[in-house]
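Trainee: Below are the sequence and a predicted model for it; my questions follow.
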Amino acid sequence: MSRFRPLHSHAYAPVARPRRLVAGLVMAAGTLLALGVFLVDTFTPLQSAVAVVYVVVVLLVAASGSRRAILGATIGCLVLTAVAYLRGHGWPEVDASMLRCAVSLGAIGITGVLALRNHERMLTIAGQARLIELTHDSIFVRDMDDVIVLWNGGAEQLYGWTAHEALGRRAGDLLGTAFPGERGEADIALFGAGRWEGEVFQRHRDGRIVIVEARCALLRDEYGKARVILEAGTDVTERRAATAALADSERRYRSMFETARVSFWEEDYSLVMDRVDALRAQGMTDFAAYLEAHPEFVTEACSLTQVTDVNEAAVRMLGARCREDLIGPLDRLLPGSERTFARVLLKIVDGSGVAEGETYLYNLCGERLTVLFALNMPLGPARYDRVLVSVVDITERKRTERAVIAMQAELAQAARVTALGEMSASIAHEVNQPLAAIVTHGEASLRWLRRPEPNIDEACIAIERVVRDARRASEVVHRVRSLASKEPRQHVRFDLAALVEECAQLLDGEIALHRIVLRVDVGRDAPAPRGDRVQLQQVVVNLMANAVRAMSTVSGPRHLVVRARADASDGLLVEVEDSGTGIPEHIAPHLFDAFVTTRGEGMGMGLAICRSTVESHGGRLWATNRPGGGATFHFTLPLAEVAEAHA
């Protein structure tokens, strides 16, 4: 079985010295042989063509010498032959000796010429072999028994096997070659056309599989018989992995593009950019100024912009049957006069890459849609032909916003009406008690005067109370008006016990009517409060009046206690306690809300006004049920008010 010696440039250096030594020995042997032949041919009486042996000398030199050495050996042997003939036979004559000399000269010359041609051919083959070795592609040769006979450096790098390890082994066993399809089809193409190209899967030395782009050529001898198969291969494993990753990325992008609930469009601005380039060639430098001066260009650009692809969300949004209905010029969907498109054109021409905004579209039914859009320019020289646009329909959101604005206006109007009603109810509620007291004291004074013997003193006392309550009603009205006009509150220091006494006088008729026992307990350590005396008096009157009404239906003892004491955390604590029916559980969470009442004839404003008044003084108001029945209302004035009162 023939073998090709592997050619490796890195293997030349270690064997260069032995080769030179062998060449020197061969040259020496050739020289000695030539000298021996010359002596025998010249000084012996042999009548034979001894000079033919010079052919061996030429062949020895040709085996390891250069072109110059071959040429020198050939000429030298020819000269020695001629010299020996002339030495032995003198001037040439046509005889047997001359014929033998001619034969010898011809043989030596022909051998020299053939040796030179063979040397040139070997140089060509060696150069080709070096080219095979220098290429980065894998190249190996296998004979018809699949045995590897040549293995270059590229094959070593690709498969990991050295030439020493690969030569003599079967390629199928070493590489485990597998074909994507049937191997028989590749063999038919190789032996039929003499060539085959395709991808194969082969095994690396470390066990991993590499994808190789193989190119096989069948080499035949002069008789047409197949001798060897040359296989060149390029590792495309990483390229295929990158291609697969790109394909996977494209599939993911397509999947997101198709299944997203947001409308996605692909648009082609190539024709628009061609028009822009033409304008630049004509001297246009400021595109924004050009658009301002030529608004018709926006309409033209809109007609030149092509919608090349849309997803299903866009089909649904625009009321189309299929995506093909939307493919075409953009001006079918976007008004060409829309100034938002002019800003998009500026972004595209400037190369900013992103454009966002709000605009209007028309669906295929002619309905106007309000949308938000975002336009992204891909990178690269062909970026104008695949511009991705995302579109969100906000038509319903805009309608909702308009409805909300209208509703807010209605609520504001309702709030103004409610505030007006609350103010009216507050005035009626606050003035009602002084007016009731005025009526009571006026009727009492009339009774004292209509007696057979009028009691002038009692009548005067009643009339003085009428005047006092009228002034109090006037102060209530003044306070309400001051609240409406943002007039500063008149905070003064006052005697809490005296204020409670005045409140009791206002309610003495109802207290006596319902047989209620009133007890006022203002502690000596209680600081004198400071605030709006009229407003705080209204708070105490309201709380006491509510307590009186809560006890009007109680059959047992009726006690009303008003107490005040210093509180470590809140400053001054005032409590109004009764033995009435208490606070119903369903009313308790909304007790201090406006228009909440437990009485059919009540307005539900008293406690709401009390809370607002106390909170405006920096305090707080709350209520609790007593364990034995009844309720207690607590309100506080903060330390700041108390400290100011002590100053």
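Mentor: Sure, I can see it.

Trainee: Now that residue 287 has come up, it's in contact with residue 346, right?
Mentor: Yes - taking C-beta atoms under 8 Å as the definition, residue 287 is a contact partner of residue 346 at 6.5 Å. No exception for glycine: its C-beta is placed from N, CA and C like everyone else's.

Trainee: These two: which has the busier surroundings?
Mentor: residue 287 (17 against 14; other C-beta atoms under 10 Å).

Trainee: mind listing the strands for the stretch 301-450 of the chain?
Mentor: With strands called from DSSP state E, counting those that start in this stretch, the stretch 301-450 of the chain shows them at 306-310, 328-329, 354-362, 368-376, 387-393.

Trainee: The shortest one - contacts with which helices or strands?
Mentor: So that's strand 328-329. Applying 3 or more C-beta pairs under 8 Å, 6 or more residues apart in numbering; DSSP states H and E, we find strand 328-329 packed against helix 296-304, strand 306-310.

Trainee: and what of the first one?
Mentor: With contacts defined as 3+ C-beta pairs under 8 Å, 6+ apart, the secondary structure elements packing on strand 306-310 are strand 263-268, strand 328-329.

Trainee: same check, this time on the third one
Mentor: Where contact means 3+ C-beta pairs under 8 Å, 6+ apart, strand 354-362 is packed against helix 339-350, strand 368-376.

Trainee: So the nearest residue to residue 159 once chain neighbours are set aside versus residue 245, what's the distance?
Mentor: Nearest residue to residue 159, sequence neighbours excluded (C-beta to C-beta, 6 or more residues apart in numbering): residue 204, at 5.8 Å. Distance of residue 204 to residue 245, given as C-beta to C-beta, to the nearest Å: 21 Å.

Trainee: Name the residue in the two with the higher neighbour count.
Mentor: Taking neighbours as other C-beta under 10 Å, residue 204 and residue 245 compare with residue 204 leading, 16 against 10.

Trainee: Report the secondary structure state of the closest residue to residue 566 other than its chain neighbours.
Mentor: Leaving aside its chain neighbours, residue 566 sits nearest to residue 525 (4.8 Å; criterion: C-beta to C-beta, 6+ apart). What DSSP: H, G, I helix; E, B strand; the rest coil gives for residue 525 is coil.

Trainee: count of residues packed around residue 525?
Mentor: Applying other C-beta under 10 Å, we find 8 residues neighbouring residue 525.

Trainee: Surely it and residue 571 touch.
Mentor: No - using C-beta under 8 Å, residue 525 is not in contact with residue 571, being 11.8 Å away.

Trainee: Export the helices and strands packed on strand 354-362 to CSV and append columns for mean pLDDT.
Mentor: Compiled in CSV, the helices and strands packed on strand 354-362 are given as follows (pLDDT from 0 to 100):
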stretch, mean pLDDT
helix 339-350, 79
strand 368-376, 83
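
Trainee: re the thing from before, who touches the residue nearest to residue 159 in this structure?
Mentor: By C-beta atoms under 8 Å, 6 or more residues apart in numbering, the contact set of residue 204 is 158, 159, 160, 210.

Trainee: Please narrow those to those residing in strands.
Mentor: Secondary structure defined by DSSP state E assigns residue 210 of these to strands.

Trainee: Taking the contacts of residue 204 together, which two end up most distant?
Mentor: The widest separation within the contacts of residue 204, taken as C-beta to C-beta, falls between 160 and 210 and amounts to 9.6 Å.

Trainee: ok, those two, which is more surrounded?
Mentor: Looking at residue 160 and residue 210 with other C-beta under 10 Å, you find the greater number of neighbours at residue 210, namely 20 against 16.

Trainee: distance of the more buried one from residue 183?
Mentor: For residue 210, the distance to residue 183 equals 18 Å [C-beta to C-beta].

Trainee: pretty sure residue 509 contacts residue 440?
Mentor: Yes - Residue 509 lies in contact with residue 440 (C-beta under 8 Å); the separation is 5.5 Å.

Trainee: And the helix or strand harbouring residue 291, what does it pack against?
Mentor: Using DSSP states H and E, residue 291 sits within helix 287-293. In this structure, helix 287-293 makes packing contacts with helix 270-281, helix 296-304, helix 339-350, judged by 3+ C-beta pairs under 8 Å, 6+ apart.

Trainee: as a whole number, average confidence for that helix?
Mentor: For helix 287-293, the mean pLDDT works out to 85.

Trainee: How about stretch 446-456?
Mentor: In this model, stretch 446-456 has a mean pLDDT of 83.

Trainee: Could you work out the end-to-end span of it for me?
Mentor: 10 Å (C-alpha to C-alpha, to the nearest Å).

Trainee: What residues sit buried inside that stretch?
Mentor: residue 448 (16 or more other C-beta atoms under 10 Å).

Trainee: Residue 506: what's its closest spatial neighbour, skipping adjacent residues?
Mentor: Distance criterion C-beta to C-beta, 6+ apart; nearest residue to residue 506, sequence neighbours excluded, is residue 437 at 5.3 Å.

Trainee: Next, count neighbours for residue 279.
Mentor: Counted with other C-beta under 10 Å, residue 279 comes out at 16.

Trainee: Distance of it relative to residue 560?
Mentor: Residue 279 is 94 Å from residue 560, by C-beta to C-beta.

Trainee: cool, and residue 86?
Mentor: 170 Å.
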